[in-house]
Structure formats: structure tokens, C-alpha cells
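In: predicted model, plus sequence, below.
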Amino acid sequence: TVDDQRFSDEVYRSDREHVLHSWSVQSRLKPMVVNEARGIYFWDSGGKRYLDLASQLVNSNIGHQHPKVVQAIKDQADKLCYIAPSIATETRSALAKLLSTVTPPRINHFFFTNGGADANENAIKIARLATGRQKIISRYRSYHGSTYGAITLTGDPRRPPVEPGIPGVIKVYDPYCYRCTFGQEYGSCRIECAKHVEETILYENPKTVAAILIESITGSNGVFIPPREYLVMLREICDTYHILLIADEVMSGFGRTGEWFAINAFGVEPDIMTMAKGINSGYVPLGAVGISDAIATAIADQYLYCGLTYSGHPLACAAAIATIEAYQEEELIANARAMGGVTRGSMEDLKRKHPCVGDVRNQGLFGCIELVKDRASREPIVPWNGSGEVMAAVERTLLAEGVFMYLRWNYMFFAPPIIINEAQLNEAFRAIDRALTVADGYLQR
Ligand code: PLP
């Protein structure tokens, strides 16, 4: 209607006059206006429907407006909206207990945060406190959040304003098999990517290294599923030198990979695990640092230098309890695994059909299609940390087809809500197929 149009015009106008958006050049922005979302779909102000293949920022695992979660937030709002973190309260206690049943067995104690970045900030504080050591090893192709410490841990090129960042962070290379830094092929390699971590630790002096921080499966740098041996070797290296293993499960956790946490598939347990996003699917901001019994004991008599006004916010905790229960009641983790199988098949079909597809990879509903100029040379279709008309054309095609996907550099990320079914996956893959045909067209130019 005319009134609806006027309303969304006003939303847009106020946005452009007053809102600063993340990771963008403000003067070039033309944000979509959205006021309605349900399940795996959302609608723009013109009434056009989009299938949300990104789960927004890979966080709406349960889909939009899940009735159980919405009701839990309403009920908690009626009971108690806020109480200080120093006080014990029902939802915080219940969530911590529930988390201890779904996280790896040794992770049983939780410090709550507002999101993923501050979970990582607090994780490294706790690692330094528990070990009395300062250095943290993290990887180049990684993302751990945008606050000063978390962006220093991050290797992704989103760091210019914070250089040189916080001291004591050492970077190592990644288990990126399609573009192995060490020139190897998985199958004939000796997991050089893990050996290199040990070598780095030896040069740094193991007694100065508190922790190795990794995304169990790398997310926004390209969904790297490491060889199983890699994580096993990192665990052994950590045990040998008494270094803590911190798994950042902010993006890969809560069913995304067809497991509660990505690391579970590798038979490895971290000492510290950070979480956010899928913990309550983003209905209210929440993150958490989970620590092992051993670390809890190590820091029990020390002062914990961590604090946030909204640590364990009751509304966020109530949303998390309802979300985790919904994952369980609706068997969504198993669904993610099953739909991951369907995804694998469809991705392989796309790779066979489209010369622009260099590599496809997925674990459950965490996937990536990597576009190349040439399959033999593997040259990316747009440069690393770059963009180009071809990716803009891919995005336009997807949006025209009613599919919202997270694209970055030469990567197309695949991360739908884990409630998705096979018919809906097929709908998504038909749109991706058309977008890839557009990308193929650029190869001949
Ligand atoms: N860690 C990982 C692996 C992430 O993907 C993200 C966000 O995308 C973060 C940390 C940061 O989380 P937040 O944006 O909630 O601070």
C-alpha cells in the first residue's frame, strides 16, 4: 500500500541519515529494508521474499521468529528483564547447566558475554590467567571478532585501523588443502600445516605460549575443513608443551556442521571453547566462554579480571535455553547432518557443470563454493581481499532469484538455517546454478 511504501521510505531515509553500518563504505551503501522474517525466509519492504542462505550472519540457525524462542523471551520479560551478573538467577544457572550437557564433556563452566568477539577476548584473558604465560597463537586466515584484542587475533585483512594491535599474538598458516601453503596435496602430505605450528612454538619458546586459538572449522575466510589428523596433532602439541587449545565455535557451533560443535567430528576436546551466534540464534545478543574443569580449578583461587554489565542477561539466557531445547526436540542437529549430505551432492553437481567452480566443500550446512578463473591454475575469479564485476553479477542474479547469500572475495558461503528441508535446498541450488552460469560467462571474456 501507499502507507507501507511511505513507512519503508522513512526507514530508509533515517537509516541513511543516522545509521553507520559495519564493514562498508557509508557513502556507497544502499541497504535493503526488511521488517518481516519467518523460518528460512525474509521479505523486503516491497514484499519480495528471500531464502536466507546466510542465516543472516551465520547465526539464525533455528530460523526466524521461532515461536518457542519468541515465547520464552516474552515470558522472561514478564518475570525478570535484568539482574546484575554478580547475582545467581534462574535462567543463567539453567543455561550454564544445559550448556554443560551439550558441550564437550570437559567443558563445564561458563562466563557469559554479549557476543563472539568478547567471548574470545575473555578466553585469552582466562588462558593467560590459568597458565601465567602471555603469547597466543592464532592463524592468518581467521576471524575472531572486531574488538581490539579479537581483531588482533584475527588474521583476515580487516585490521588496518588497529595495527599493531595487542602484543603477544603470533600468527601461523592454515590447513587450507585446496591452496596448501606448503605445496602439498592431502593424502600424500605429512600435515605440514600442524608441524609448522609446533616449529613456531619452539622458536617462540613454549614456556611463553598460553594458548593456540583456532576456529575448529574456519568460517568467513572460506570454510576450511581441516584434515582429521590436523586437530589431533594440535591437541598433542598442546599437551606436550602445556599449552591450552581454544576452539572458537562462534560460527561453527550449535548444529551448523551437523554436530553440536564442529570439533566433535574430529574426536578432539578443547580446553576452552567460545560460543555465540547459534547459542540463541541471535534473538538476543549472547556469547559464552566455556572452560574445562582443570582450568576452572587452576583459576579458582585467583581474581577473575573479566566483567560485562550484561554478562548472562536473563532475556538472552531464556532465548538460549529455548533455542537449545528446540535443537533437541526438533532433532535439528540430525537434520543439519542429513541436509549436509544433500548439499554435498548438489555442490558436486555444480562443480561438474560449471567451469568457474574450483572447489566445493561442506560439513553439514556449513559450506563454500570457491570460484576460479581457471581450474588448472586455480587462480581466484577475483583476487584475495578483492572484488570484481563478476561477483557483483552473481549477487544480483541471486537476489533476483530470491536468494540471500553471503559472498566474499571469490567465495560463496552456504549456511542456511538448519531447519531447512530438501525441497527448500533444491530451490536454493536452482538459483545458485543460474548465478554460476552468469559467472561462467565471465570466463570467456
Ligand atoms: N568468531 C568467529 C569464528 C566468528 O565468525 C565471529 C563473527 O562472525 C566472531 C568470532 C565474532 O562474533 P561477534 O560478531 O558476535 O562479536
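Out: Right, received. Where do you want to start?
In: helices of the stretch 1-150 of the chain, start to end?
Out: For the stretch 1-150 of the chain, the helices defined by DSSP state H, counting those that start in this stretch occupy 2-18, 55-58, 67-79, 90-102, 116-131, 148-153.
In: now do the fourth one: which elements does it pack against?
Out: Read it as helix 90-102. The helices and strands touching helix 90-102, judged by 3 or more Cβ pairs under 8 Å, 6 or more residues apart in numbering; DSSP states H and E, are strand 107-113, helix 314-329. All C-beta spots, glycine's among them, are computed from the backbone N, C-alpha and C.
In: in CSV: the helices of the stretch 1-150 of the chain, plus distance to E389, mean neighbour count and mean pLDDT.
Out: CSV is the format used below for the helices of the stretch 1-150 of the chain (distance: least, Cβ to Cβ, whole Å; neighbours: other Cβ atoms under 10 Å; pLDDT from 0 to 100):
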stretch, distance to E389, mean neighbour count, mean pLDDT
helix 2-18, 25, 11, 92
helix 55-58, 25, 21, 98
helix 67-79, 40, 15, 98
helix 90-102, 44, 17, 98
helix 116-131, 32, 25, 98
helix 148-153, 29, 23, 96
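In: and F366, how far from R344?
Out: 12 Å (Cβ to Cβ, to the nearest Å).
In: then L350?
Out: Remark: distance between L350 and R344 (Cβ to Cβ) = 11 Å.
In: right, and the helices of the stretch 1-150 of the chain - which one's nearest the ligand?
Out: Between the ligand and the helices of the stretch 1-150 of the chain, the tightest spacing by Cβ to the nearest ligand atom is seen for helix 116-131, at 2.2 Å.
In: how about that closest one, does it get close to the ligand?
Out: Yes. Using Cβ under 6 Å from any ligand atom, helix 116-131 comes into contact with the ligand via 116-117, 120.
In: pick the one among those closest to L398.
Out: G116 (25.9 Å; Cβ to Cβ).
In: sticking with C189, tell me its helix or strand.
Out: When elements are assigned from DSSP states H and E, C189 belongs to no helix and no strand.
In: with adjacent residues omitted, what lies nearest to the residue most central in space within the chain?
Out: In the chain, the residue lying closest to the centroid (Cα atoms, centre = their mean) is M251, at 1.9 Å. Among residues not flanking M251 along the chain, G219 sits closest, at 3.7 Å (Cβ to Cβ, 6 or more residues apart in numbering).
In: thinking again about what came up before, okay, L350 and R344: which has more neighbours?
Out: L350 (19 against 16; other Cβ atoms under 10 Å).
In: quick check, the more buried one in contact with L436.
Out: Yes. L350 is within contact range of L436, at 6.1 Å (criterion: Cβ atoms under 8 Å).
In: now for the two: what residues contact both?
Out: Between them, L350 and L436 share these contacting residues under Cβ atoms under 8 Å, 6 or more residues apart in numbering: 357, 369.
In: any idea how far A94 lies from T101?
Out: A94 is 11 Å from T101, by Cβ to Cβ.
In: list the residues that contact the residue nearest to the centre of the chain.
Out: For M251, counting by Cβ under 8 Å, 6+ apart, the contacting residues are 58-59, 116, 215, 219-220, 277, 366.
In: I appreciate the help and will end here.
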